[in-house]
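Chemist: I would like the atomic coordinates for the input below:
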Amino acid sequence: MRIMPSSKLGVILGGLPGTPRVVIGGNHATPWEALRLLDSVLPQYRLFALNAQHWMPDRPGVVLETAFVGPGMRGKDTLRYFPCRLSLVPHLLKSELPPDVVLVHTSEPVRGTVSLGIEVNVLPAAIEAARSHGGLVIAQLNRQMPYTYGDAVLHEHDIDYAIEADAPLPLTAHRLSESSREIGERVADLVPDAATLQLGIGGVPDAVLAALTGRRGLMVWSEMFSDGMLTLERAGALEPARRITASFAFGGAELYKWMDRNERVRMLRTEKTNDPALIARQPRMVSVNSALQVDLFAQANAARVHDAIYSGFGGQPDFVVGALHSPGGRAIIALPSWHPRADVSTVVSRLTGPVTSFQHSFIVSEQGTATIWGHDSSTQAAQLIDQVAHPSAREHLREAAGALGFRLR
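Modeler: Numbering: from 1, shown residues only. Okay, the predicted model is just below:
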């Protein structure tokens, strides 16, 4: 690894031929200084990131690519969306979408190594893919990035060039609505002591964690975690003999400080955290994810809204399958019964878009809980209408259920 001034690195990047593909860390670990430098010297390139945040380059010459759309790419005319489960994105990068440049955001060097900190995800696979065909790996070194262990640790010889750019990491905090609190408490009722947890992103997962502080012996195998994990740790809810396993994290400054050089936290690459076979080995795996819609066939759509891509498959199908195969495992979809912005029911008669996941154990809203697993299709539909749907949508859904051939009791 050669640490150099930005001006010298700019000359190297400016000499890249053609339209290179650049892979960067997404979520809250984007190497903004390195990305701004690259964007200033390359007239055209393809930019691949998962859950890209605001302020992504958006100009002629830049093509945006992703398998999970974040706010920084959502609705952009130049977006190329590649449908892919998160566990398979590393294979996508090694085969169909090999990177020419990988930009990573790391800790400062420690004994010949750096750490990817809060974002491991698909970056190790991207680095391997770039190095296999002569691509460049460039690091933005930041002393404010936590040093985490596991697959986050990179040897300096894995990196070609680096710039030093200290900057605070973006901070995230979710305000918990009354609806989210109600859903969180209902989901928490389905989580036993000594369960293994996976929770997605947003207010509902945070509300679930807040409602679990009284549990004991909880374990974590998740693609991500946020501030609620620190709450569980401090409450004594987590099993002290087990490491907290995830692939990325984002939250507040306290969370990042707690993660720094914490042997309890193990950050692994996506191929491991999201492998359904490895998920299935976790005891009493409880997977909690959200959705934009569910239908009377108990199918969930978390990817598209109004015929446009909103996010993507993400890790939801990986964890739903893994949890269902875990001894004592449960796959839960949690969502509000009504979209306040769109002013529509989240329970619909039939999805019009692609299915993100199906065959869940439970579907939960602030209205109640539908037990899906082990019931025939008509009973599932009846429970979704009576227990999950908003009261104002129930009559229409009952009529639709009859037209779809469900026999409601």
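
Chemist: which elements pack onto the helix or strand where Ala139 lies?
Modeler: Secondary structure from DSSP states H and E places Ala139 in strand 136-141. Judged by 3 or more C-beta pairs under 8 Å, 6 or more residues apart in numbering; DSSP states H and E, strand 136-141 is in contact with helix 6-14, helix 32-41, strand 101-106, helix 123-132, strand 161-164. C-beta coordinates here come from the backbone N, C-alpha and C atoms, glycine included.

Chemist: next SSE downstream of the third one?
Modeler: Under the assignment DSSP H and E, the closest C-terminal helix or strand after strand 101-106 is strand 113-115.

Chemist: against which helices or strands is that following strand packed?
Modeler: strand 153-155.

Chemist: name the residues of the strand it packs on that are buried.
Modeler: Neighbour counts over strand 153-155 (16 or more other C-beta atoms under 10 Å) mark Val153, Leu154 as buried.

Chemist: work out the gap between it and the centre of the chain.
Modeler: Distance of strand 153-155 from its chain centroid, counting by C-alpha atoms, centre = their mean, to the nearest Å, is 23 Å.

Chemist: stretch 391-409 too?
Modeler: With C-alpha atoms, centre = their mean, you get 34 Å for stretch 391-409.

Chemist: cool, stretch 110-128 as well?
Modeler: Relative to its parent chain, stretch 110-128 has a centroid offset of 17 Å by C-alpha atoms, centre = their mean.

Chemist: ends of that stretch, what's the gap?
Modeler: Distance between the two ends of stretch 110-128: 22 Å, counting by C-alpha to C-alpha, to the nearest Å.

Chemist: JSON lines for the helices and strands packed on strand 136-141, including mean neighbour count?
Modeler: Shown next, in JSON lines, are those (neighbours: other C-beta atoms under 10 Å):
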{"stretch": "helix 6-14", "mean neighbour count": "15"}
{"stretch": "helix 32-41", "mean neighbour count": "19"}
{"stretch": "strand 101-106", "mean neighbour count": "27"}
{"stretch": "helix 123-132", "mean neighbour count": "21"}
{"stretch": "strand 161-164", "mean neighbour count": "19"}
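
Chemist: backbone dihedrals for Leu86, please?
Modeler: Note on Leu86: backbone dihedrals following degrees, to the nearest 10 are phi -60, psi -40.

Chemist: please report how far Ser361 lies from Ala300.
Modeler: Per C-beta to C-beta, to the nearest Å, Ser361 is found 12 Å from Ala300.

Chemist: who has more neighbours out of the two?
Modeler: When neighbours are counted by other C-beta atoms under 10 Å, Ser361 and Ala300 differ, and Ala300 comes out ahead with 26 against 19.

Chemist: on that earlier part again, so the strand holding Ala139 versus strand 101-106, what angle?
Modeler: Inter-element angle recorded for strand 136-141 and strand 101-106: 20 degrees (by axes from the mean of the first three to the mean of the last three C-alpha atoms, to 10 degrees).

Chemist: list the helices and strands the helix or strand following strand 136-141 packs on?
Modeler: Later in the chain than strand 136-141, the nearest helix or strand by DSSP H and E is strand 149-150. Applying 3+ C-beta pairs under 8 Å, 6+ apart, one finds that strand 149-150 contacts strand 265-267.
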